[in-house]
Every structure is written in C-alpha cells, then in structure tokens.
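Chemist: sequence first, predicted coordinates after that:
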Amino acid sequence: MVGESSLKKAYEAILNGDYELAVLRFEEAIALEPQQADYHYKCSITCARSGKWQKAIYHAEQAVMLDSDHEEYNYHLQTVQAKQLVLESEALLGLSPPDSEGAIAKLRLAVNKDPLNLETFLLLGALYDSLAQYEQAAEFAEEAIRLDPQHSAAQRLYADVTQKQRRSKGQGANRRNRRKNR
C-alpha cells in the first residue's frame with residue numbers, strides 16, 4: 001500500500017503528542033489512497049480527539065461511504081455527529097435569549113445517535129431543570145447516573161432536581177388545601 005509510510009508517520013506523530021502533524025500525515029495517506037476507508041476512519045478519530053469536529057465528520061462520512069458494512073465506522077460517525085449536535089446546542093443556549101427549544105431538539109437527536117454520551121444527558125437534565133421541568137430533568141439526570149454511577153455532577157443534578165420536584169409537588173398540595181380551608 002502506497003499510504004502505509006504516511007500512516008506510520010501519523011502514528012509516530014500521535015506517540016509524540018503532535019496531533020496536528022498526525023492529521024496531516026493521515027490526509028497525506030488519504031491523498032495517496034483515497035479509497036481506503038480505514039485511512040479516513042483513523043483520520044476522523046484523530047480529528048475528533050483534536051476537537052476538529054467538521055473534519056472528523058467529513059472523514060467519518062467518507063469511511064462509511066467507502067465501506068458502509070463496517071459497523072465500527074458507522075458507530076464512529078454516529079458518535080461524532082452526536083458531539084457536533086451537543087456543540088450546536090451549547091451555541092444555541094449561549095444566545096441572548098437562549099434557544100432552549102432548539103437546543104432540546106438537537107440534544108434529543110444527539111441522544112438517539114449516541115445513547116452512551118453522558119454529556120448529552122447531563123446537558124438535557126440541566127436544561128430541563130432551568131425550565132422548571134423537573135420530571136424530565138430527573139429522568140435525564142438518572143440516565144447519566146446509570147451510565148456513570150460515580151459521576152458527582154450527575155449525582156448532584158439528580159439530587160437537586162428531585163428535591164425541587166418534591167418541593168413543587170408539595171407546594172401544589174398546600175395551595176389546594178389552603179383553598180379548601182377558606
């Protein structure tokens with residue numbers, strides 16, 4: 001294979017912690033053998049680790065296009081797309097005023113693409129908490145805990161949300177009782 005030399009140089013760059021050079025070497029290998037799905041896949045992984053999400057998605061899509069039967073390529077594409085959706089939802093939440101509904105839609109799509117992404121569940125839980133939709137917030141926080149039982153932020157979110165949920169239910173009952181007593 002013509003691209004093997006560039007591939008080896010890419011791995012050397014990774015071992016030296018130079019991910020920029022590694023991406024360049026993977027792209028060099030791809031230029032020499034553009035039909036090698038594995039080269040695109042490996043380049044996508046390195047791009048994702050470097051936070052180059054658009055490039056990671058492009059190479060993941062190329063790998064799937066070249067070898068759609070390879071489950072690992074398909075799974076990787078889904079996880080990279082999910083991460084991109086999380087980043088887009090964070091941008092929507094950073095707007096003034098925040099686009100909570102748009103962010104929720106993107107995050108729910110991200111959950112479907114990568115049901116093991118703890119960050120997505122935490123963000124959804126926190127978002128629903130900020131909207132005082134405690135039942136949904138608790139569900140997503142609980143799912144985050146299921147994925148990582150020792151995750152302290154997930155545990156705190158779940159505890160906070162369930163406490164708010166109990167308080168809101170209790171206040172509703174108190175209001176009904178006060179009306180009856182009048």
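Modeler: Cool, the structure landed. Numbers count the residues shown, from 1 in each chain.
Chemist: which of the residues in stretch 95-109 are buried?
Modeler: Ser100, Ala103, Ile104, Lys106, Leu107, Leu109 (16 or more other Cβ atoms under 10 Å). Backbone N, C-alpha and C define where each C-beta goes, glycine included.
Chemist: can you tell me which of the residues you listed end up in helices?
Modeler: Judged by DSSP state H, helices contain the following of the buried residues of stretch 95-109: Ser100, Ala103, Ile104, Lys106, Leu107, Leu109.
Chemist: and which of the residues you listed is nearest Ala141?
Modeler: Within these, distances to Ala141 taken as Cβ to Cβ reach their minimum at Leu107, with 13.6 Å.
Chemist: just the helices in this structure please.
Modeler: In chain order, the chain shows helices spanning 4-15, 19-32, 37-49, 53-66, 71-93, 100-113, 118-130, 134-147, 152-181, with DSSP H as the criterion.
Chemist: what's the least confident stretch among those helices?
Modeler: Note on the helices of the chain: lowest mean pLDDT is at helix 152-181, with a mean of 78.
Chemist: and the closest residue to Tyr41 other than its chain neighbours, how close does it get to His70?
Modeler: When the adjacent residues along the chain are set aside, Tyr41 lies closest to Ala63, with 4.0 Å between them (Cβ to Cβ, 6 or more residues apart in numbering). Counting by Cβ to Cβ, to the nearest Å, the separation of Ala63 from His70 is 7 Å.
Chemist: same deal with Ala91?
Modeler: Counting by Cβ to Cβ, the gap between Ala91 and His70 amounts to 31 Å.
Chemist: which residues does the residue positioned nearest the centre of the chain contact?
Modeler: Geometric centre of the chain, nearest residue: Lys83, 3.4 Å, by Cα atoms, centre = their mean. By Cβ atoms under 8 Å, 6 or more residues apart in numbering, the residues touching Lys83 are Ala48, Trp53, Ala110, Asp114, Asn117.
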